Every structure is written in structure tokens, then in C-alpha cells.
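In: Structural data only, the sequence is not supplied:
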């Protein structure tokens with residue numbers, strides 16, 4: 001019986017496991033995009049933090065695909081006797097800070113608020129919606145102008161930030177999330193100051209933040225990294241001839257994101273606005 005059965009198996013078509021796995025995740029582009037996003041996110045992390053970040057995100061992906069299998073595997077995992085090194089590393093790998101900012105976390109929260117995913121993030125969605133409404137109620141402050149400072153879209157009577165597109169905008173969003181998380185862990189007060197300045201003093205078109213003469217010292221404390229830079233921009237407003245007044249100079253700081261090669265990502269405006277909006281909303285409900 002063994003010989004005929006083996007011959008039968010040899011005659012069956014052999015599945016392409018690589019393609020099967022790609023289809024299971026959605027597409028090869030999905031795999032590539034997530035890989036690029038995670039590479040940017042861990043670029044400036046310490047090895048232990050990067051390992052923890054990857055472990056959490058990979059586990060989350062596995063749970064989304066096969067929740068029953070993952071839950072059983074995690075629940076039945078046992079320590080190997082005598083393996084002291086693994087015994088010391090295992091607890092650190094499973095540590096997860098729910099307050100940490102990452103592209104994956106913001107995307108999941110957005111999916112819940114938009115109604116595209118069940119509320120499995122453990123947050124009060126109504127409070128998030130109220131925080132977003134407060135953001136989009138802020139006016140530009142220009143005399144005679146009743147328009148809002150922060151552009152948005154409306155979905156089922158809820159105001160939401162426009163989603164960044166795939167490829168470079170997604171890379172920009174991931175880089176900015178990693179930068180914000182570093183700022184949160186090192187100086188939360190500075191992060192809250194930056195969010196407040198962006199909220200009340202950024203412009204509609206490029207999201208540039210107006211710089212006043214009395215906060216130069218504070219701006220000097222905001223760090224730049226290989227993936228996120230605070231670029232200085234200025235514009236001179238000429239006075240009319242014979243006005244007798246000096247030209248007015250307006251200065252801004254603009255958050256710009258870089259790709260892994262170090263080049264400025266040109267399509268980063270929506271990404272910056274998306275990340276800053278969700279970051280402020282989550283920080284607002286955490287108080």
C-alpha cells in the first residue's frame with residue numbers, strides 16, 4: 001500500500017507555500033509595507049526595545065490570522081529546565097507598554113473609530129471622538145476668517161484626519177510615530193508643549209508651526225533624528241512703498257520626515273497631520 005500511495009502523492013500538484021502565505025496576509029505588497037514600516041520604527045531603538053517591538057507586532061499579526069492557535073500556544077508555553085539564558089530573556093520580550101506610540105497602534109485606533117474594526121483596543125471611543133471634535137473646532141484666528149485650522153474629512157457625522165497614502169507617506173507616519181515615542185519616554189513635557197504649539201499655531205497648507213521670538217530656546221530642546229527633522233522656514237512680507245514700516249518676517253518650524261536613505265519624504269504633509277492629530281487625541285484622553 002505504501003508504494004502506490006506515495007506514487008499518488010507525487011502526482012498531486014505541489015502548493016506554492018510562499019504564495020499561499022502571501023494570499024493569507026492579503027498580498028506581497030502588504031508584507032513589504034509592514035516590513036518597511038517596522039524597519040523605520042526600530043531604526044533608532046536600542047536592541048532590546050527593537051526586539052520587544054517586533055515581538056509584539058508579529059504576535060499581533062499572528063493573533064489576527066490565527067487567534068485560537070496563538071492563544072493556545074501562549075497559554076501552554078513552558079520554560080525549558082536548565083535554560084537560564086532564555087529564562088532571563090522571556091519576561092522582557094512579553095513586556096508591552098499600552099501607552100507607547102506606534103504606527104500600528106494609531107492605525108488600529110483609527111480603524112475602530114471609523115467603524116472598520118471591533119473595539120478591541122481598550123479605549124473609550126466616545127472620548128476619542130470628542131477630542132477630535134475639539135481639534136477640528138479650532139479656528140485659524142485670522143480676522144474675518146471663520147475657517148478651521150486643521151483640515152479633516154467627515155464620516156458618519158464624525159470628523160477624522162485624512163489617511164496618508166501607501167508607500168512614502170506611510171513610511172513618514174511610521175518614522176514620526178517612532179520619534180514621538182522617543183520624545184514621550186525622554187521628555188513628556190516637551191512633547192505636550194510641541195503638541196499644543198502644533199494644535200494652536202500650525203497653518204492649514206503645510207502644517208508649519210509659527211515660531212515666536214520668545215520660544216526659540218524651547219525649540220532648541222526638540223531633538224532631530226536621522227528620520228525626523230525640524231526644518232526652519234521663513235517668508236518676508238513686503239510693505240507697500242511709502243508705508244514707512246519695516247517688512248514683516250514670519251518664521252516657521254516644519255516637521256519633515258526622511259526615508260531610510262536620508263532623503264526628505266516630499267509627501268509627508270498628510271502623514272504629519274495624521275500622526276499629530278491621533279497623538280494629541282490619545283494624549284488628551286490619557287489625562
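Out: Good, I have the coordinates. Keep in mind that this is a model prediction, so the values were computed, not measured.

In: Give me the neighbour count for residue 116.
Out: 8 (other CB atoms under 10 Å). No exception for glycine: its C-beta is placed from N, CA and C like everyone else's.

In: For the stretch 101-250 of the chain, which segments are assigned as strands?
Out: Here the stretch 101-250 of the chain has its strands, by DSSP state E, counting those that start in this stretch, at 153-155, 158-160, 209-210, 228-237, 248-257.

In: can you redo those strands as CSV with mean neighbour count and distance to residue 120?
Out: Putting the strands of the stretch 101-250 of the chain into CSV (neighbours: other CB atoms under 10 Å; distance: least, CB to CB, whole Å) gives the following:
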stretch, mean neighbour count, distance to residue 120
strand 153-155, 10, 20
strand 158-160, 18, 19
strand 209-210, 18, 34
strand 228-237, 13, 30
strand 248-257, 18, 29
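
In: Share the number of residues neighbouring residue 131, please.
Out: Neighbours of residue 131 (other CB under 10 Å): 18.

In: mind listing what it touches?
Out: When the contact criterion is CB atoms under 8 Å, 6 or more residues apart in numbering, the partners of residue 131 are 280-281, 284-285.

In: again, but for residue 277
Out: 132, 135, 150, 161.

In: mind redoing it with 10 Å?
Out: 106, 110, 131-132, 135-136, 150, 152, 159-162, 195, 198-199 (CB atoms under 10 Å, 6 or more residues apart in numbering).

In: Same check on residue 256?
Out: So residue 256 contacts 172, 176, 206, 224, 227-231, 233, 264-266, 268-269, 272 (CB under 10 Å, 6+ apart).

In: quick one on the thing from earlier: now, the most widely separated pair of the contacts of residue 131?
Out: 280 and 285 (10.0 Å; CB to CB).

In: Between those two, which is the more surrounded one?
Out: Per other CB under 10 Å, whichever of residue 280 and residue 285 has more neighbours is residue 280, with 20 against 14.

In: what helix or strand is that one on?
Out: For residue 280, the host element (DSSP states H and E) is helix 269-286.

In: Let's test this: mean pLDDT of that helix, rounded?
Out: Helix 269-286 shows a mean pLDDT of 93.

In: low pLDDT regions in the stretch 51-200 of the chain?
Out: By pLDDT under 70, the low-scoring segments of the stretch 51-200 of the chain are 51-53, 55-98.

In: mind running it again at 90?
Out: 51-102, 104-105, 108, 114-125, 139-149, 151-159, 164-171 (pLDDT under 90).

In: ok so, going back, now intersect the contacts of residue 277 with the helices, please.
Out: Of the positions in the contacts of residue 277, 106, 110, 131-132, 135-136, 195, 198-199 sit in helices, assigned by DSSP state H.

In: Would you convert the residues you listed into JSON lines that also reports distance to residue 252?
Out: Below are those laid out as JSON lines (distance: CB to CB, whole Å):
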{"residue": "106", "distance to residue 252": "25"}
{"residue": "110", "distance to residue 252": "27"}
{"residue": "131", "distance to residue 252": "25"}
{"residue": "132", "distance to residue 252": "24"}
{"residue": "135", "distance to residue 252": "20"}
{"residue": "136", "distance to residue 252": "21"}
{"residue": "195", "distance to residue 252": "16"}
{"residue": "198", "distance to residue 252": "11"}
{"residue": "199", "distance to residue 252": "15"}
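
In: Name the nearest of those residues relative to residue 241.
Out: Closest to residue 241, out of all of these and judged by CB to CB, is residue 198, at 36.8 Å.

In: who are the neighbours in contact with residue 113?
Out: Per CB under 10 Å, 6+ apart, neighbours of residue 113: 119, 121, 123, 125-126, 128-129, 132, 155, 158, 160, 278, 281.
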